[in-house]
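Q: here is my input, please return the structure:
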Amino acid sequence: MESKVYFTDLRTTPGNDLMTKLIRLVKRAGIEDIAFRDKFTAIKIHFGEPGNLAYIRPNYAARLVDLIRSLGGKVFLTDSNTLYSGGRSNAVDHLHAAMDNGFNPISAHADVIIADGLKGTDYREIPLDGEYCKAPKIGAAIADADIIISMNHFKGHEQTGFGGALKNLGMGSASVGGKLELHSSSQPVINAESCIGCRICEKYCRHYAVKVVDKKAQIDYSKCVGCGQCVAVCQHGGAVIKDWDSSETLNYKIAEYALAVVKDKPSFHINFIMNVSPNCDCWNHNDAAIIPDLGIAASFDPVALDCACADLVKAAPTLDRNVISDIDSKAGTGCGHHHHEGEDKFHIVHPDTKWEAGVEHGEKIGLGSRNYELVIVK
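A: Below you'll find the predicted structure:
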């Protein structure tokens, strides 16, 4: 059965700005059919790691907050703490990051609640009996909410292929303990030939598992939790995922966590295909976008939504002067006329990932459908 995914591009005219188009889009997609009156409504959003500028602008959140409040909802913005060290690994730093990036009652028109508490230990186990996760550990403020609305920046990801609705719901809603479960089979290794001993992996390892000895990084697997931070911050290919560890299992687990988040409650999902950076917004920088900004998509079905956005990115041409340009140049194909229309950009950037595993498993467990009808909203 096909799910409807509604899409609007980024063309504007006087009186028809992007925030107006966002509200027209979500109304056309049926958000007003949700009974918001007096219901605690969590808007699950990524507040952006300090230094990263690719996250969704708070202006969009503010307009959505206003709409939900007009429908009677008790709305708040939320995210869970990170497993890795950084600006969002505890509620104090996380709140500062959110406020600095414009997610505050003045700019975003709603309060921010860190879902899993001060140290990431405030969570609820949601009985699921999944194939990979029996009782996902979901941040308490998200688990206790009556309604879930996800606002998702659609972009690449170094372990899952891309990050969209499933990633924001599943990984993003997990408590710190839940993130440990999600990453538990993803312990990296050091490629000694590529490691230059720069110590950036050592600096960013929250669990003190990485040390540089004799100018080469080493991992203490008695401490390593497999969060992948070293893989993400290494700029030289020194920290890599083990051959036996694919992205499939991580994507399977994320789909099950996403199902736990929306289980037995109304939910609605919005993907912003803008600033499509090659990597996750969790890092304190964002590389140049790989494709032009495309638009905004919305659906009640997060699986169909991610599939539709992946197809839109496939169809789009790549931009110049980004990581794909570098890949083309190294391969000897950077002639200036090869823009990869119809090709999977996420596989080009992260060839060892398989994002398809997440949507396939999501469909299998009843989270949504990979079949969709794209409805254009002007």
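Q: which residues are in contact with the worst-scoring helix or strand of the chain on mean pLDDT?
A: Lowest by mean pLDDT, DSSP states H and E among the helices and strands of the chain is helix 229-233, with a mean of 75. With CB atoms under 8 Å, 6 or more residues apart in numbering as the test, helix 229-233 has contacts from 83-85, 158-159, 188, 200-201, 204-206, 210, 217, 219, 239-241, 279-280, 282-283. Bear in mind the C-beta positions are built from the backbone N, C-alpha and C, glycine included.
Q: go again with 6 Å.
A: Residues from elsewhere that reach helix 229-233, judged by CB atoms under 6 Å, 6 or more residues apart in numbering: 84, 158, 188, 200, 201, 204, 210, 239, 283.
Q: cool, stretch 268-283 as well?
A: 31, 46, 48-49, 52, 54-56, 149-158, 163-165, 232, 286-287, 289-291, 293-300, 302, 305, 309, 323, 349.
Q: show me how far the least confident helix or strand of the chain is from its chain's centre.
A: 16 Å (CA atoms, centre = their mean, to the nearest Å).
Q: how about it as PDB, C-alpha atoms only?
A: Included here for helix 229-233 are C-alpha records, laid out as PDB according to Å, rounded to 0.1, in the frame of the first residue of the first chain:
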ATOM      1  CA  GLN A 229      33.300   9.200  17.400                       C
ATOM      2  CA  CYS A 230      36.900   8.500  16.400                       C
ATOM      3  CA  VAL A 231      35.800   7.400  12.900                       C
ATOM      4  CA  ALA A 232      33.900  10.700  12.500                       C
ATOM      5  CA  VAL A 233      36.600  13.000  13.700                       C
END
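Q: past the helix of greatest length in the chain, which element shows up next along the chain?
A: Scanning the chain for the longest helix, with DSSP state H as the assignment, gives helix 247-262. Downstream of helix 247-262, the first helix or strand assigned by DSSP states H and E is strand 267-273.
Q: and the angle from that following strand to helix 247-262?
A: 130 degrees (axes from the mean of the first three to the mean of the last three CA atoms, to 10 degrees).
Q: what pairs with strand 267-273, parallel or antiparallel?
A: The pairing partners recorded for strand 267-273 under DSSP bridges are strand 147-153 (parallel), strand 295-299 (antiparallel).
Q: TSV for the ones you listed, including distance to residue 60?
A: Listed next are the strands paired with strand 267-273 as TSV, based on distance: least, CB to CB, whole Å:
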stretch	distance to residue 60
strand 147-153	7
strand 295-299	8
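Q: now these as CSV including mean pLDDT, mean neighbour count and distance to residue 340?
A: Output for the strands paired with strand 267-273, formatted as CSV (pLDDT from 0 to 100; neighbours: other CB atoms under 10 Å; distance: least, CB to CB, whole Å):
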stretch, mean pLDDT, mean neighbour count, distance to residue 340
strand 147-153, 99, 25, 21
strand 295-299, 99, 26, 19
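Q: select, out of those strands, the one closest to residue 111.
A: Comparison of these against residue 111 by CB to CB identifies strand 147-153 as nearest, at 15.0 Å.
Q: can I get the closest one in CSV, CA atoms only?
A: Extracted C-alpha coordinates of strand 147-153, given in CSV (Å, rounded to 0.1, in the frame of the first residue of the first chain):
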residue,chain,number,x,y,z
ILE,A,147,2.3,13.0,20.4
ILE,A,148,5.6,12.9,18.5
ILE,A,149,6.5,15.3,15.7
SER,A,150,9.9,14.9,14.1
MET,A,151,11.7,17.7,12.3
ASN,A,152,14.6,16.1,10.4
HIS,A,153,17.6,17.5,8.6
